[in-house]
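Asks: prediction below, plus the sequence it came from.
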Amino acid sequence: LKISKEEAEEFKSDVKFTVSSINRVELAQLDEVFFENAYRGQDIKTIEQFRERAIKDLSGTYSREAERYFLNEASTRLVENSGFELPDEFMKKWLIANNEGKVDAEKIEKEYDSYKNSLKWQLIENNIIEKYSVDISQQDLKDYYINFVLSNYFPLQGNETPEQETERINTMDKIANDML
């Protein structure tokens with residue numbers, strides 16, 4: 001009815017409902033039909049093969065999540081324990097000037113801690129890159145973008161045909177080029 005709880009308490013009219021369908025969820029049989037539906041074209045025949053594949057998929061997902069969590073936590077701790085401070089008033093003025101009217105003083109003031117931590121992380125990153133002579137090529141960046149987008153937004157589907165996989169990879173290649 002899309003009414004509030006208060007309106008519902010005072011609602012006095014009769015309502016007629018029509019049941020248009022009834023659905024039941026039943027546990028699937030763990031057989032070749034199920035395996036084929038879950039992982040189309042993967043030739044999974046036994047429960048052991050199915051479990052292996054499911055474990056592989058879940059491990060990959062959790063591995064990416066763990067890596068993302070670690071990077072976030074590590075960078076946060078490095079910024080918190082960096083031991084250097086930025087000249088806050090100067091940085092606020094610099095942020096306003098460099099954002100060419102896209103951000104005003106009020107927004108900078110409200111979100112300054114986020115900007116400051118981001119700037120500190122950039123300084124830490126640049127220091128590491130310089131100190132250890134880290135060299136990242138355009139192809140490295142492109143490969144990173146492709147893997148990031150593929151794993152986070154377009155993961156490999158078990159029922160994907162070779163043509164669909166090629167199309168998905170070509171699309172990701174185009175997105176990565178656009179990002180660069």
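Replies: It's in.
Asks: okay, and the helix or strand of this structure with the least pLDDT?
Replies: Least confident helix or strand of the chain, by mean pLDDT, DSSP states H and E, is helix 138-153 with a mean of 81.
Asks: model confidence at residue 31, what's the number?
Replies: At residue 31, the model reports a pLDDT of 94.
Asks: gap between it and residue 123?
Replies: Going from residue 31 to residue 123 by CB to CB, to the nearest Å gives 58 Å. All C-beta atoms are positioned from the backbone trio N, CA, C, and that covers glycine.
Asks: who's in contact with residue 66?
Replies: If a contact means CB atoms under 8 Å, 6 or more residues apart in numbering, then residue 66 has no contacts.
Asks: what pLDDT does it get?
Replies: For residue 66, pLDDT reads 93.
Asks: and the helix or strand where it lies, which residues are buried?
Replies: Per DSSP states H and E: residue 66 is located in helix 47-80. Neighbour-count burial for helix 47-80 flags 50, 53, 75, 79 (criterion: 16 or more other CB atoms under 10 Å).
Asks: now do that helix: distance to the chain's middle.
Replies: From the chain centre to the centre of helix 47-80 is a distance of 12 Å (CA atoms, centre = their mean, to the nearest Å).
Asks: and stretch 122-133, by the same measure?
Replies: 26 Å.
Asks: same deal with stretch 43-62?
Replies: 22 Å.
Asks: what's in contact with that stretch?
Replies: 30, 32, 34-36, 38-39, 42, 151, 155, 158.
Asks: the same query, at a cut-off of 6 Å, please.
Replies: 30, 32, 35, 39 (CB atoms under 6 Å, 6 or more residues apart in numbering).
Asks: what kind of secondary structure is the first one in?
Replies: Reducing the assignment to helix, strand or coil with DSSP: H, G, I helix; E, B strand; the rest coil, the entry for residue 30 is coil.
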